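**Student:** model this:
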Amino acid sequence: MKTSSWPIRSLLPLSGLVLFIALWQMLSGLYNHVIIPSPVEVVRSFYSLAVSGELWEQGRQSIARGLAGFGLAVGVGTPLGLLIGLNPVAASLFRPAVVVLQVTPLISWLLLAMIWIGFSGVPVFIVFVTTVPLIVINVFQGVNGIDRQLLQMASIFGISKARIIREIYLPQVAPYLMAGVSNALGVTWKAVAMAEFLSVQTGIGASMAVARINLETAGLFAWTASLIGLGLVTDRLLSYLTRRKLSHWM
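**Tutor:** Alright, predicted model coming up:
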């Protein structure tokens, strides 16, 4: 029997999910619900948060903060990556700063942001500093991978700068940029939750902090599930937009 047939391929992920839930249910029976709540308790908690409106209100604030920091990172990181890739002087000036941004511990940025800009701006700042290096480095690699002989040929044949950018640079850089955007988007929701957990009173991360203090483990699982769902939805949305709007550059 071929295990790669369509019905079996479709059933394997479902079987894995059922096995995971079964193991979870079994473990929840071995421990107090404060340690490991059952799947049913988590679903009830999630439903309660959704019906009360708290899920949407706190989620809305986290989404707004996450997208603000992510948008800033894409807006700053894309031209900076292009500049570093195209200009050796700019590369010498800015690459060390990008590396510093990338390797600085998150807790250091959190504490510094609290001092520099106050608690309310911390989530946006943290998302920005954790995602902008991903954008810059990917765009730089895209520019760096451009076929130099192709550029020389374009120069010899007198092709305009605008056409070179449109037909050589953009198709080469776009896949790298979208890979960076996809990675940055995945990091965004983790970063915003961490920053909210430690710095503000609203948002999914702050709600997780409250659930922890009150030993509402089912609620903690429910908020975690909302973050996972947010990450999956935005990743699928980005993939859809990439296929529909940017496929001619990919």
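**Student:** shaky segments in this protein?
**Tutor:** Residues of the chain meeting the criterion pLDDT under 70: 1-10, 245-250.
**Student:** Show me where it has its helices.
**Tutor:** 6-30, 39-52, 54-86, 88-103, 106-117, 122-144, 148-156, 161-164, 170-199, 204-213, 217-245 (DSSP state H).
**Student:** same for the first one, what does it pack against?
**Tutor:** Helices and strands touching helix 6-30, by 3 or more C-beta pairs under 8 Å, 6 or more residues apart in numbering; DSSP states H and E, are helix 39-52. Where you see a C-beta, it was placed from the backbone N, CA and C, and this is true even at glycine.
**Student:** Does Phe221 touch Pro37 like I think?
**Tutor:** Yes - Phe221 is in contact with Pro37 according to C-beta atoms under 8 Å; the separation is 6.2 Å.
**Student:** Can you pull the phi/psi pair for Pro37?
**Tutor:** Main-chain torsions, Pro37, degrees, to the nearest 10: phi -70, psi 160.
**Student:** before we move on, back to that, common neighbours of Phe221 and Pro37, please.
**Tutor:** Ser45 (C-beta atoms under 8 Å, 6 or more residues apart in numbering).
**Student:** ok, Met153 - contacts?
**Tutor:** Residues near Met153 by C-beta under 8 Å, 6+ apart: none.
**Student:** could you measure it against Val89, distance?
**Tutor:** Distance from Met153 to Val89, counting by C-beta to C-beta, to the nearest Å: 26 Å.
**Student:** how much space between Gln201 and Ala211?
**Tutor:** In terms of C-beta to C-beta, Gln201 sits 14 Å off from Ala211.
**Student:** give the contact list for the residue nearest to Gly180 when sequence neighbours are not counted.
**Tutor:** Sequence neighbours aside, Asn138 is the residue nearest to Gly180 in space, at 3.0 Å (criterion: C-beta to C-beta, 6 or more residues apart in numbering). Applying C-beta under 8 Å, 6+ apart, we find Asn138 in contact with 81, 176-177, 179-180, 183.
**Student:** Dump those into TSV; add distance to Phe157 and neighbour count as well.
**Tutor:** TSV is the format used below for the contacts of Asn138 (distance: C-beta to C-beta, whole Å; neighbours: other C-beta atoms under 10 Å):
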residue	distance to Phe157	neighbour count
Gly81	28	29
Tyr176	26	21
Leu177	27	23
Ala179	31	16
Gly180	32	27
Asn183	37	15
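**Student:** quick one: which of those is nearest to Thr130?
**Tutor:** Asn183 (10.7 Å; C-beta to C-beta).
**Student:** That closest one: what's it in contact with?
**Tutor:** With C-beta under 8 Å, 6+ apart, Asn183 has these contacts: 134, 138.
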